[in-house]
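*Asks:* I would like the atomic coordinates for the input below:
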Amino acid sequence: MKVSKEKTETVSQEPVFYLHELRQHSQELFGVKPEVFDGAVFGFKEIQMTKQEAEKRIQAFLKKPVGKKKEVKK
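*Replies:* You can find the predicted model right below:
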């Protein structure tokens, strides 16, 4: 008996956009400057994402702590 292997992927109903488009409209869509968008998607390997994913990454990026100040030895 042969068993067929079918993929049961859940297809997202949300449209995907190119990162440069989301960046271009980051102020209107997410209320952040393009520079903040750049930081949020830094290291992301794909060229497209949903607005929901972008919003999630932006919020996570904004909650990251800023690096600690180094003590200056005299």
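*Asks:* In three-state terms, label residue 17 for me.
*Replies:* strand (DSSP: H, G, I helix; E, B strand; the rest coil).
*Asks:* So what sits opposite it in the bridge?
*Replies:* residue 49 (DSSP bridges).
*Asks:* was I right about it contacting residue 48?
*Replies:* Yes: contact criterion CB atoms under 8 Å: residue 17 and residue 48 qualify, at 6.3 Å. The way it works is simple: take the backbone N, C-alpha and C, and place the C-beta from them, glycine included.
*Asks:* List the buried residues in the helix or strand harbouring residue 53.
*Replies:* Following DSSP states H and E, one finds residue 53 within helix 51-63. Of the residues in helix 51-63, 53, 54, 55, 57, 58, 61 count as buried by neighbour count, 16 or more other CB atoms under 10 Å.
*Asks:* where do the helices sit along this protein?
*Replies:* Taking DSSP state H as the test, the helices found in the chain are 19-24, 26-30, 34-41, 51-63.
*Asks:* How far does the second one sit from its chain's centre?
*Replies:* In terms of CA atoms, centre = their mean, to the nearest Å, the gap separating the centre of helix 26-30 from the centre of its chain is 13 Å.
*Asks:* which helices and strands does it pack with?
*Replies:* Applying 3 or more CB pairs under 8 Å, 6 or more residues apart in numbering; DSSP states H and E, we find helix 26-30 packed against helix 34-41, helix 51-63.
*Asks:* just to revisit the earlier point, out of the buried residues of helix 51-63, name the two that are farthest from one another.
*Replies:* The span of those, defined through CB to CB, is set by 53 and 61 at 12.4 Å.
*Asks:* I appreciate the help and will end here.
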